[in-house]
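Engineer: Just need the structure, nothing else, for what follows:
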Amino acid sequence: MKKITQAAAVLAAGGAACAASAHAQEITVKPIAEARARYEHVDQDGIDRQADALTVRVRGGAQVASGGFSATAVAQGTLAAVDDYYDGLDGAPTRPLVADPQNIALYIAQVKYKAKGMTLTAGRQKIALDDERFVGNVAFRDNAQTFDAVRAEISPVKGVNLDLAYAWGVRTIWGIDGHGARQQAVGGDNVLANLAWESPLGKLTGFAYLVDQDEAAMQAFRLSSQTYGVRLAGAHAFG
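Structural biologist: Sure, this is the predicted structure:
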């Protein structure tokens, strides 16, 4: 009887382990869908005609996840329902510029691994740091900016966060028809380093953004730069 009880206990433990393993390998699929309409009116000195841009953007895709791993793909399309404006790419600038050209693009295509205190992301992704003064998504435009990059977000201790990314390509707001100084994508070697500490006074951030772009058409390399800084952002209630 004792042997039978022990065998049953072993089988039960094995079954629990198998169930836990099966649960750990569970695959989830999350659909992604988004649509927005945007209207912009511009009356600019020096240009007789006004600009009216009514654009509609649609995004769709999916995220597949299992354990700490996930893969995400999102496509987007922008259509000009009212196109009485200069989109920066085609035609003469007889109306003011509204930088929302019609476009079809692969917006996000990334793989991610997330564990306690660490997130690793590779592929085409959104990167928006702090208040987006230097590195951002340009979300107010229809064709938002993304990065072909590898990125590590590490939190070694509570309140301290290191965000380090290397980007070899910037997918611009100009989309698939981008050309000349307004390219579809800008290649280069870009290092984005951001270290933040949640201090009693607020979030204290030190950053170094090293931009080395390889495209001569982009203002003859003048967009390449090295930016270093410190930022303190917080709030305190009085009274």
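Engineer: can you list contacts of stretch 130-148?
Structural biologist: The contact list for stretch 130-148, computed with C-beta atoms under 8 Å, 6 or more residues apart in numbering, reads 38, 55, 57, 76, 78, 99-101, 103, 105, 107-108, 123-129, 165, 167-175, 185, 190, 192, 194, 205, 207, 209, 227, 231, 233. For the C-beta atoms, the positions are set from N, CA and C on the backbone; glycine is no exception.
Engineer: pLDDT of it, averaged?
Structural biologist: Averaging pLDDT along stretch 130-148 yields 95.
Engineer: again with stretch 161-172
Structural biologist: Stretch 161-172 carries an average pLDDT of 97.
Engineer: heads up, I number from 436, so please use that
Structural biologist: Got it, the first residue is 436 from now on, which makes the last one we talked about stretch 596-607.
Engineer: which of the contacts of stretch 565-583 count as buried?
Structural biologist: By neighbour count, with 16 or more other C-beta atoms under 10 Å, those hold 473, 490, 492, 511, 513, 534-536, 538, 540, 542-543, 558-562, 564, 600, 602, 604-610, 620, 625, 627, 629, 640, 642, 644, 666 as buried.
Engineer: Show me the shaky parts of the protein.
Structural biologist: Along the chain, the parts satisfying pLDDT under 70 run over 436-459, 654.
Engineer: Show me the strands in it, by range?
Structural biologist: 462-477, 486-501, 504-519, 538-550, 553-560, 581-589, 595-606, 620-634, 637-648, 660-668 (DSSP state E).
Engineer: Now for the nearest residue to Phe656 once chain neighbours are set aside, how many residues are close by?
Structural biologist: Distances taken as C-beta to C-beta, 6 or more residues apart in numbering place Gln648 nearest to Phe656, at 6.5 Å, with adjacent residues excluded. Neighbourhood size, Gln648 [other C-beta atoms under 10 Å]: 19.
Engineer: thinking again about what came up before, in TSV, list the strands of the chain along with distance to Arg568.
Structural biologist: What follows is those, written out as TSV (distance: least, C-beta to C-beta, whole Å):
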stretch	distance to Arg568
strand 462-477	22
strand 486-501	24
strand 504-519	25
strand 538-550	23
strand 553-560	19
strand 581-589	16
strand 595-606	15
strand 620-634	12
strand 637-648	10
strand 660-668	8
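Engineer: Now do the contacts for the nearest residue to Val570 once chain neighbours are set aside.
Structural biologist: In space, and not counting its chain neighbours, Val570 is closest to Leu564: 4.3 Å by C-beta to C-beta, 6+ apart. Leu564 is in contact with Val570, Gly571, Asp598, Leu627, Asn629, Phe642, counting by C-beta under 8 Å, 6+ apart.
Engineer: Show the contacting residues for the residue nearest in space to the middle of the chain.
Structural biologist: Centroid check for the chain by C-alpha atoms, centre = their mean gives Lys561 as the closest residue, at 0.6 Å. Lys561 sits next to Ile543, Asn572, Ala579, Thr581, Phe582 when contact means C-beta under 8 Å, 6+ apart.
Engineer: could those be laid out in TSV, adding distance to Phe673?
Structural biologist: Supplementary listing: those in TSV, determined by distance: C-beta to C-beta, whole Å:
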residue	distance to Phe673
Ile543	42
Asn572	34
Ala579	37
Thr581	40
Phe582	40
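Engineer: Relative to Asp478, which of these is nearest.
Structural biologist: Taking C-beta to C-beta as the measure, Asp478 lies nearest Ala579 of these, at 25.6 Å.
Engineer: Can you tell me how far that closest one is from Arg559?
Structural biologist: Ala579 sits 12 Å away from Arg559, going by C-beta to C-beta, to the nearest Å.
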